[in-house]
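Trainee: sequence unavailable; structure follows:
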């Protein structure tokens, strides 16, 4: 991130990277899924107040990409199901995965996602560091898109003012 990056995006990115670097993989995943919710809130329709699963999935579909050599490429529904399971149940399972509407994410701390549908088409072994890195890259793509799309910038900018910010107090 650079000096032009909105403060809240820098805070989100720094928080996620700090938890990851300190070995707190689950915390980094929870923060990443929460951050995707935040990004989705910036692109949702103007007359909408709350983020829906469709908004989250749209943001993932539009901005978040795994490296082209990865055997698994992100699908919004899969990340939404993984988010619901981890954030609401502290589990890889969600209502969506139980209904077979999304893949189940299980995580590891190494590099590269592992997915072989001939072994199990419903489970992806996701690299937590790669997922975080890919989200970080998606934020950069999102910032670039805001800079060239006046409508997106106006909508996102109007909502940025309502996002959480820490107020520094000096004694």
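Mentor: On my side now, so go ahead. Everything numeric here is computed off the predicted structure, so don't read it as measured data.

Trainee: and residue 67, helix, strand or coil?
Mentor: coil (DSSP: H, G, I helix; E, B strand; the rest coil).

Trainee: state the helix or strand in which the residue most central in space within the chain lies.
Mentor: With distances taken as Cα atoms, centre = their mean, residue 36 lies nearest the centre of the chain, 3.5 Å away. Assigned by DSSP states H and E, residue 36 belongs to helix 25-43.

Trainee: ok, and for the one helix or strand residue 155 maps to, which residues are buried?
Mentor: The secondary structure element spanning residue 155 is helix 150-160 (assigned by DSSP H and E). Within helix 150-160, the residues scored as buried using 16 or more other Cβ atoms under 10 Å are 155-156, 160. C-beta here means a position set from N, CA and C on the backbone, and glycine is covered the same way.

Trainee: which residues are in contact with the helix ranked longest in the chain?
Mentor: Assignment by DSSP state H gives helix 128-148 as the longest helix of the chain. Contacting residues not belonging to helix 128-148 are listed as 1, 5-6, 9, 12-13, 16-17, 20, 25, 28-29, 32, 35-36, 39, 42, 59-60, 63-67, 70, 74, 107-113, 152-153, 156-157 [Cβ atoms under 8 Å, 6 or more residues apart in numbering].

Trainee: ok, residue 65 - contacts?
Mentor: Residue 65 neighbours (Cβ under 8 Å, 6+ apart): 73-74, 134, 137-138.

Trainee: ChimeraX command for the buried members of these?
Mentor: Per 16+ other Cβ under 10 Å, the buried members of the contacts of residue 65 correspond to this ChimeraX selection:
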select :74,134,138
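
Trainee: of the contacts of residue 65, closest to residue 50?
Mentor: Minimum distance to residue 50 across the contacts of residue 65 is 21.6 Å, recorded for residue 138 (Cβ to Cβ).

Trainee: from residue 146, how far out is that closest one?
Mentor: According to Cβ to Cβ, to the nearest Å, residue 138 stands 13 Å off from residue 146.
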